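Student: Sequence plus predicted model, see below.
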There are 2 protein chains.
Amino acid sequence: MQVDPGYLSKLQDYYAKHQVIPSYTAMGKLWGISAKSWVASCVTRLKEEGYLKLTPDKRLRPGARFFERKVAHAPVRAGLPDAALEDGYDLVTIDDYLVKLPSKTTLVRVKGDSMIEAGILEGDLVVVEQQPNANVGDIVVAIIDDEFTIKYLERERGAFVLRPANKAYPTIRPKDKLEIFGVMVGLVRRVDR
Amino acid sequence: MQVDPGYLSKLQDYYAKHQVIPSYTAMGKLWGISAKSWVASCVTRLKEEGYLKLTPDKRLRPGARFFERKVAHAPVRAGLPDAALEDGYDLVTIDDYLVKLPSKTTLVRVKGDSMIEAGILEGDLVVVEQQPNANVGDIVVAIIDDEFTIKYLERERGAFVLRPANKAYPTIRPKDKLEIFGVMVGLVRRVDR
DNA sequence: TTGACTACAGAACGTTCGTTCTGTAGTCTC
DNA sequence: GAGACTACAGAACGAACGTTCTGTAGTCAA
């Protein structure tokens, strides 16, 4: 009753490459199937399982589970290279994992190394939940001189200050009111190779 | 000779909502146009301008400029700052940003602080592209004693070794063959509050 | 060894797709 | 005020699309 997982992953790869769901005939080519009827029944099952669904215009589109990722735990059997695809893995879509409030969430690219000791490197994307205030100890994105600044929010003699996570940088003590853009709720880094 | 920018943004909104490019008739509805011929000529121009292109199967797909977004990120007007992706490109999804080959990509949770100097903290999820070999200098996920280990791959006197990014930990010199699970291509961190 | 089930192949069919061609109302230019 | 151009409307058409139905080879259990 379950559809060949190879079909799903081929479709996911196709989508990652083209940002589009192919037609039934193209899926047939992709899957090595020459019968459209069989493609259709596979698609039906993928729909039932939540990997695909339809737009209001009746076009196929990725479903809720289409972007799920496995979280691999230590392999049960060592030695076998394919050992990581076992049952019992958590499934997570990265977006859901990081974003709780889509309408309030933005990404800010990190410049400089002032937060390097908090594991925040230059070029990383910080996931920010926009809100005008934060708690002491949070990592916040503040606006200083029309620039985004990512720092720890601390309190010093009754006033809020911005503390970097790098001894080479000084703590910032805003002259007037500190303008907070949002709070860091996550981080995304891409390793280019 | 240029196409109405409203058409493009409506199409982008549709795509953001459905992850799929609509058909000509659906675009007609979307744009308030009842002539498919006119939709076709608009699409042609969007293709010429790089916002749309075709898959090998001749399906319409987003082009290189489709996700482009001109953001005045540097001078943030205080009070109402805009989203802050200065790449010139907006992201469809974070997933898309990190995952190139869904079928080979898994997530591995980081244990310990042995890679702390590379900005990889305990509890982070490392995005791994599964492959049996890697290049010197890559951060790899290897399997040591049935456990995942994340380290730099280095070469030492002809043999591969695993070097941590933390002076408190020793370099690992595998006795026999080094088993590589995959290569790190990204990192995801959630800040729980 | 029969019956049920799965994983496909192949063809038929009505619908929808994108293309193309003709037509027209408004605007701008000279 | 005539010609050129733009922004659509509308219809026609073949190709491609998704659906459905019939058929078959293999597997498994009873």
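Tutor: Great, that's in hand.

Student: C-alpha from now on. contacts and neighbour counts both.
Tutor: Fine.

Student: residue ranges for the helices of chain A, please.
Tutor: Using DSSP state H, the helices found in chain A span residues A:5-18, A:24-31, A:36-48, A:94-98.

Student: Determine how far the first one lies from the middle of the whole chain.
Tutor: So that's helix A:5-18. Relative to the chain's own centre, helix A:5-18 is displaced by 18 Å; criterion: Cα atoms, centre = their mean, to the nearest Å.

Student: picking that back up, so which of the helices of chain A is nearest DNA strand C?
Tutor: helix A:36-48 (4.2 Å; Cα to the nearest atom of the strand).

Student: who's in contact with the closest one?
Tutor: The contact list for helix A:36-48 (Cα atoms under 8 Å, 6 or more residues apart in numbering or on different chains) reads A:2-3, A:8, A:24-25, A:27-28, A:33, A:52-53, A:63.

Student: Turn the helices of chain A into JSON lines, columns for mean pLDDT, distance to DNA strand D and mean neighbour count.
Tutor: What follows is the helices of chain A, written out as JSON lines (pLDDT from 0 to 100; distance: least, Cα to the nearest atom of the strand, whole Å; neighbours: other Cα atoms under 10 Å in any protein chain shown):
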{"stretch": "helix A:5-18", "mean pLDDT": "90", "distance to DNA strand D": "13", "mean neighbour count": "18"}
{"stretch": "helix A:24-31", "mean pLDDT": "91", "distance to DNA strand D": "4", "mean neighbour count": "17"}
{"stretch": "helix A:36-48", "mean pLDDT": "90", "distance to DNA strand D": "4", "mean neighbour count": "17"}
{"stretch": "helix A:94-98", "mean pLDDT": "89", "distance to DNA strand D": "27", "mean neighbour count": "17"}
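
Student: Same list (these) but as CSV, adding distance to A:Glu122.
Tutor: CSV is the format used below for the helices of chain A (distance: least, Cα to Cα, whole Å):
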stretch, distance to A:Glu122
helix A:5-18, 26
helix A:24-31, 39
helix A:36-48, 40
helix A:94-98, 20
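
Student: can those go into CSV with extra columns for distance to DNA strand C?
Tutor: Below are the helices of chain A laid out as CSV (distance: least, Cα to the nearest atom of the strand, whole Å):
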stretch, distance to DNA strand C
helix A:5-18, 9
helix A:24-31, 7
helix A:36-48, 4
helix A:94-98, 29
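
Student: Go back to the contacts of helix A:36-48 and keep what's next to chain B.
Tutor: Counting by Cα under 8 Å from any Cα of the partner chain, nothing from the contacts of helix A:36-48 sits close to chain B.

Student: Check those and tell me the two furthest apart.
Tutor: By the measure Cα to Cα, A:Ile33 and A:Gly63 form the most distant pair in these, at 22.6 Å.

Student: Which one of those two is surrounded by more residues?
Tutor: Set A:Ile33 next to A:Gly63 and count neighbours by other Cα atoms under 10 Å in any protein chain shown: A:Gly63 wins out with 19 against 14.

Student: so the more buried one touches A:Thr55, yeah?
Tutor: No: with contact defined as Cα atoms under 8 Å, A:Gly63 does not count as touching A:Thr55 (9.9 Å).

Student: Can you report how many residues lie near A:Lys111?
Tutor: Neighbours of A:Lys111 using other Cα under 10 Å come to 16.

Student: Ok, the one 5 residues further on next?
Tutor: Burial of A:Ile116, expressed as a neighbour count using other Cα under 10 Å, amounts to 18.

Student: mind listing what it touches?
Tutor: Here A:Ile116 is in contact with A:165-166, B:119 (criterion: Cα under 8 Å, 6+ apart).

Student: Can you tell me how far the closest residue in space to A:Gly119 that isn't next to it in sequence is from A:Ile116?
Tutor: Nearest residue to A:Gly119, sequence neighbours excluded (Cα to Cα, 6 or more residues apart in numbering or on different chains): B:Gly119, at 3.9 Å. Distance of B:Gly119 to A:Ile116, given as Cα to Cα, to the nearest Å: 7 Å.
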